[in-house]
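Colleague: just need the structure, nothing else, for what follows:
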Amino acid sequence: MASAARHMVLIHGAWQGSWAFEAWMPMLQAAGWQVHAVDLPGNGIRQDAWPPAQPVRVDLDAYVAHVAELLAGLDGPAVVLGHSGGGITASQVAEHCPERVLALVYLAGMMLPDGMDFGALIEACRREQPGFVYAGIGPHLEWDAMHQASRVPPAAAGRIFLHDCTPEQAAAATRRLCWQPEGGRAMRCRLTAQRYGRVPRIYVECLRDRSVLHELQRCMQNLSPGALRITLDCGHVPQLACPALLTERLLPALAQMLPSGAGTDLAVASGRTGLLPLA
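Modeller: Below you'll find the predicted structure:
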């Protein structure tokens, strides 16, 4: 009998779309994964094509319903990965249908506790580390007339998101950045230990991240203990800046975590995984 397919669902962050994973997907596919990169509702609208001709509901429930529909159509459960703000959707998907999620992976992602938003995380980090200063992309955003959607100017994207990518990579990614409806950015998870809490988690932290600073990533890990940690010396988009290294570190960690027959025979190079348990 043929073994079940190994599925991985990739959820993009704000101002992006499924294209954010294009440089990385061939490496995952070469290792035997069936990869499904989603376009969340209301995202993917070009920066020169706003507002949309047909408005779409954009909030956490809509995002979760979109991903859950994809998961329901697969022939088995999947690893669900959220990059940056996509981590919020990934968490809520695990709460919604934990039986369809083999593991959660946060790629410099929002692994926020129940009820906490990003602003509250920043305040928690300031309390934990007096003198902590954070600006991120917020001061650089450009808004529509109703202040309901934002976009990222190219220069700011290069400095904060793409500073460790090649100039060619950074220019190509910047051209594809999208309008981001605020309903899909200002979100809070509703999580329980009985559902979300039973799904194993990996956190891929990025030491040179200028968007979700490393201090914020560590604060999230402290607030939501129990994940496995992979540390990469890179910026906010390892799937573009260092996809081979990300593959080399992540897939052995998943092989260690997943049950036999659900991704344990991954064809990847051996080496240090950078994998640490969190207390």
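Colleague: just give me the neighbour total for Arg188.
Modeller: A count of neighbours around Arg188, defined by other C-beta atoms under 10 Å, yields 16. In this view, the C-beta of every residue, glycine as well, is placed from N, C-alpha and C.
Colleague: not counting its neighbours along the chain, what's nearest it?
Modeller: Closest residue in space to Arg188, ignoring its immediate chain neighbours: Asp117 at 5.0 Å, by C-beta to C-beta, 6 or more residues apart in numbering.
Colleague: show me the contacts for the one you found.
Modeller: Ala186, Met187, Arg188 (C-beta atoms under 8 Å, 6 or more residues apart in numbering).
Colleague: A helix includes the last one, no?
Modeller: No - using DSSP: H, G, I helix; E, B strand; the rest coil, the assignment for Arg188 is coil, not a helix.
Colleague: just give me how far whichever strand or helix holds Ser91 sits from the chain centre.
Modeller: Following DSSP states H and E, one finds Ser91 within helix 86-96. Distance of helix 86-96 from the chain centroid (C-alpha atoms, centre = their mean, to the nearest Å) equals 10 Å.
Colleague: now swap in stretch 159-168 and tell me
Modeller: Distance, stretch centre to chain centre, for stretch 159-168: 18 Å (C-alpha atoms, centre = their mean).
Colleague: what comes into contact with that stretch?
Modeller: Under the contact criterion C-beta under 8 Å, 6+ apart, stretch 159-168 has outside partners 136-137, 140, 152, 169-170, 173-174, 208, 210-211, 234-237, 240-242.
Colleague: is it true that Ile122 touches Val133?
Modeller: No - in this structure, Ile122 is not within contact of Val133 by C-beta atoms under 8 Å, at 10.1 Å.
Colleague: more neighbours, these two?
Modeller: For Ile122 versus Val133, neighbours defined as other C-beta under 10 Å are more numerous around Ile122 (18 against 8).
Colleague: tell me the pLDDT of the more buried one.
Modeller: Ile122 carries a pLDDT value of 96.
Colleague: confirm His7 sits in a helix?
Modeller: No - using three-state DSSP, the assignment for His7 is strand, not a helix.
Colleague: if I look at it, how far off is Ala72?
Modeller: 12 Å (C-beta to C-beta, to the nearest Å).
Colleague: assign Cys219 to one of the three secondary structure states.
Modeller: Using three-state DSSP, the structure places Cys219 in helix.
Colleague: report the contact partners of the spatially closest residue to it that is not a sequence neighbour.
Modeller: Computed as C-beta to C-beta, 6+ apart, the closest residue to Cys219 that is not its neighbour in sequence is Cys125, at 4.4 Å. Cys125 makes contacts with Phe132, Tyr134, Glu215, Leu216, Cys219, as judged by C-beta under 8 Å, 6+ apart.
Colleague: from Arg195, how far off is the second one?
Modeller: Separation of Tyr134 from Arg195 (C-beta to C-beta): 31 Å.
Colleague: how about the contacts made by the residue nearest to Gly115 when sequence neighbours are not counted?
Modeller: Leaving out its chain neighbours, the residue that sits closest to Gly115 by C-beta to C-beta, 6+ apart is Arg188, at 5.6 Å. By C-beta under 8 Å, 6+ apart, the residues touching Arg188 are Leu60, Ile88, Leu112, Gly115, Met116, Asp117.
Colleague: neighbours around the fifth one, how many?
Modeller: Pointing back at Met116 there. 19.
Colleague: do you know the pLDDT at it?
Modeller: 96.
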